[in-house]
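J.: Coordinates only, no sequence provided:
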């Protein structure tokens, strides 16, 4: 075998050229390459949240800093996702997929070697760019490499396998954080990427869309990135600088103007990155509105839950990573059953009921306190939330795909994916404000009831932006140290409950959007 040439190299696969011969010979290898590549992105999406408490401690970071660790990645992934898919269609999906993997692993190494929080944030932004090139390519390669009769089974295998690797990610990441270092979480991508690149170069045939003759929408990508980035910057930094700060006001106003310009430009382009004509479909609009609300609520939970478990409840990183495992397993095990709901009831009813059950899961998190039993507090919430999401996801995907012409299915799926990631991007910024306000209100009230020395109170005020990770001032007795730590923990839980109440409201809003907008199918 010539290792520089795939064993099934019969030229570039196009819409006019059958993928059947390659699918027979290389199908398992193509699946392995796409599953491993996608898994890196999905694992990073969950495992980094478990690493946030360790980042705060080791890099002396505030909660605002670790918000940026998540948001820098999410910003470029959300804003450039559609452009990444277009690049694959234009220049070859295998080529762009391989470039995405290479960029992702190089930035992962940079993340692992970062000496300070600023470099880590920049490296995460580059990692997001790599993810935006990588994510759209995996399913596009499967669609191009398998004939229609075998495509559904291949996508099902991809979905199940990536769900398993995603479930393993937080547990493995938590163990690495606990026994090695938080840096090992990022180095985990190195062997995965090397294996994936080898499989890609040896076994994945090149493919592209020969009918795609439009120019790349670089203007749209730049406007989306700048607009979202400015709004997120204003929201996050307002907790540190205050709402009246001129930079915060300018960022928020500028972000709104730039996003308005993005919509104006996209509406007038012949080949836009995000075709606004898709939103003429009520079902497509309703499904994406549901996605925006529901995934915003989910992102806030996945961000603040590990902080709660590790910093307040005293869980080890391994235990915190395993705490959300039932959620992922429920979604994996019930995915096939959930797909059957569409056949029997249509997609509208599950999209009303599923988010309501998810809202009950968010509401159950409100019952959690300090030092409560996982089995009685967090586990019921995780199970109910997992059930609600499992009922929602398959009908949501079906609604998105059925709402547009078959020829637009790929871009429709890409838009919905971008909406879900944008929801998480904005949610962490907004819910961070909810947490900060609730925590500070509680802390101010509780500190007035503690006879804490003025100097110690000044230290608390200076460090409160770290939330539950703040250091207890030196120079106070043990009894007061214990009381102050209990106060900080209880105020964090107070803020966590407020975040979960907002999550409950968002989930209910997503159900309402389904009921009012999505038509019966």
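T.: It's in. If you're wondering where the values come from, they're calculated on a predicted model, not measured in any experiment.

J.: Pull the distance from the host helix or strand of residue 250 to the chain's centre.
T.: Taking DSSP states H and E as the criterion, residue 250 maps to helix 246-268. Helix 246-268 sits 23 Å away from the centroid of its parent chain (Cα atoms, centre = their mean, to the nearest Å).

J.: And the next helix or strand past it?
T.: Sequence-wise, the next helix or strand downstream of helix 246-268 (DSSP H and E) is helix 282-307.

J.: So which elements touch the helix holding residue 250?
T.: Helix 246-268 sits against helix 218-241, with contacts defined as 3 or more Cβ pairs under 8 Å, 6 or more residues apart in numbering; DSSP states H and E. (Each C-beta comes from the backbone N, C-alpha and C, glycine too.)

J.: what is the rounded mean pLDDT of the helix it packs on?
T.: Average pLDDT, helix 218-241: 87.

J.: what do you get for stretch 348-357?
T.: pLDDT averaged over stretch 348-357 gives 92.

J.: Report the buried residues of it.
T.: 348, 349, 350, 351, 352, 353, 354, 355, 356, 357 (16 or more other Cβ atoms under 10 Å).

J.: now the angle between helix 218-241 and the helix holding residue 250, please.
T.: Angle of helix 246-268 versus helix 218-241, following axes from the mean of the first three to the mean of the last three Cα atoms, to 10 degrees, is 160 degrees.

J.: Just the residues contacting helix 246-268, thanks.
T.: Applying Cβ atoms under 8 Å, 6 or more residues apart in numbering, the contact partners of helix 246-268 are 217, 219-220, 223-224, 226-235, 237-238, 241-243, 272-276.

J.: Pull out the buried residues from those.
T.: Of the contacts of helix 246-268, these count as buried by 16+ other Cβ under 10 Å: 217, 219-220, 223-224, 226-235, 237-238, 241, 272-275.

J.: where do the strands sit along the stretch 301-450 of the chain?
T.: Secondary structure of the stretch 301-450 of the chain, counting by DSSP state E, counting those that start in this stretch: no strands present.

J.: For it, which residues score under the pLDDT cut-off?
T.: 339, 406-410 (pLDDT under 70).

J.: Now for the residue nearest to residue 334 when sequence neighbours are not counted: which residues touch it?
T.: The shortest distance from residue 334 to any non-neighbouring residue, by Cβ to Cβ, 6 or more residues apart in numbering, is to residue 390 (4.0 Å). Counting by Cβ under 8 Å, 6+ apart, residue 390 makes contact with 330, 331, 334, 335, 337, 338, 354.

J.: Next: residue 393.
T.: Residue 393 neighbours (Cβ under 8 Å, 6+ apart): 331, 335, 338.

J.: roughly how far apart are the residue nearest to residue 334 and residue 338?
T.: From residue 390 over to residue 338 the distance is 5 Å, taken as Cβ to Cβ, to the nearest Å.

J.: how near is the residue nearest to residue 334 to residue 283?
T.: Per Cβ to Cβ, residue 390 is found 21 Å from residue 283.

J.: Ok, residue 330 next?
T.: Counting by Cβ to Cβ, the gap from residue 330 to residue 283 is 26 Å.

J.: same thing with residue 38?
T.: 27 Å.

J.: more crowded one of these two?
T.: Between residue 38 and residue 283, counting by other Cβ atoms under 10 Å, residue 38 is the more crowded of the two (24 against 21).

J.: which ones are touching the nearest residue to the more buried one once chain neighbours are set aside?
T.: Leaving aside its chain neighbours, residue 38 sits nearest to residue 138 (4.4 Å; criterion: Cβ to Cβ, 6+ apart). Residues counted as contacts of residue 138 (Cβ under 8 Å, 6+ apart) are 34, 35, 37, 38, 97, 158.

J.: do the same with residue 490
T.: Shown in contact with residue 490 (Cβ under 8 Å, 6+ apart): 369, 370, 442, 446.

J.: Make JSON lines out of those residues and add distance to residue 457 and neighbour count.
T.: Shown next, in JSON lines, are the contacts of residue 490 (distance: Cβ to Cβ, whole Å; neighbours: other Cβ atoms under 10 Å):
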{"residue": "369", "distance to residue 457": "25", "neighbour count": "14"}
{"residue": "370", "distance to residue 457": "22", "neighbour count": "13"}
{"residue": "442", "distance to residue 457": "15", "neighbour count": "19"}
{"residue": "446", "distance to residue 457": "12", "neighbour count": "17"}
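
J.: Among those, list the two that are farthest apart in space.
T.: The span of these, defined through Cβ to Cβ, is set by 369 and 446 at 15.0 Å.

J.: Quick one: neighbours of residue 481, just the number.
T.: 15.

J.: repeat for the one 10 residues further on
T.: For residue 491, the neighbour count with other Cβ under 10 Å is 24.

J.: That one against residue 447, yeah?
T.: No - shown here, residue 491 and residue 447 do not form a contact pair, counting by Cβ atoms under 8 Å, at 9.4 Å.

J.: and the gap between the residue nearest to residue 38 and residue 483?
T.: From residue 138 to residue 483 the distance is 52 Å (Cβ to Cβ).

J.: any idea of the mean pLDDT in stretch 70-88?
T.: The predicted model assigns stretch 70-88 a mean pLDDT of 86.

J.: In terms of helices and strands, where is the residue nearest to residue 216 when sequence neighbours are not counted?
T.: In space, and not counting its chain neighbours, residue 216 is closest to residue 86: 5.7 Å by Cβ to Cβ, 6+ apart. Residue 86 is part of helix 63-91, with elements assigned from DSSP H and E.

J.: Could you tell me the phi and psi values at residue 207?
T.: Here is the backbone geometry of residue 207 (degrees, to the nearest 10): phi -150, psi 150.

J.: try residue 472
T.: Note on residue 472: backbone dihedrals following degrees, to the nearest 10 are phi -70, psi 130.

J.: And for residue 314, the neighbour number?
T.: Quick note: residue 314 (other Cβ under 10 Å) scores 12 neighbours.

J.: Repeat that for residue 303.
T.: Residues lying near residue 303 (other Cβ under 10 Å) number 24.

J.: contacting residues around the closest residue in space to it that isn't next to it in sequence?
T.: Nearest non-adjacent residue to residue 303, counting by Cβ to Cβ, 6+ apart: residue 428, 5.2 Å away. By Cβ under 8 Å, 6+ apart, the residues touching residue 428 are 67, 70, 71, 74, 299, 300, 303.

J.: Residue 60 now?
T.: Counting by Cβ under 8 Å, 6+ apart, residue 60 makes contact with residue 117.

J.: just the one 5 residues further on next, same as before
T.: For residue 65, the contacting residues are 55, 56, 59, 117, 121, taking Cβ under 8 Å, 6+ apart as the criterion.

J.: Return the closest of the residues you listed with respect to residue 465.
T.: Among the contacts of residue 65, and counting by Cβ to Cβ, the member closest to residue 465 is residue 56, at 10.7 Å.

J.: other SSEs contacting whatever helix or strand that closest one lives in?
T.: Assigned by DSSP H and E, residue 56 belongs to helix 20-58. Here helix 20-58 touches helix 63-91, helix 93-113, helix 117-145, helix 148-179, helix 183-187, helix 189-203, helix 282-307, helix 317-323, going by 3+ Cβ pairs under 8 Å, 6+ apart.

J.: what is the mean pLDDT for the fifth one?
T.: Computed over helix 183-187, the mean pLDDT rounds to 91.
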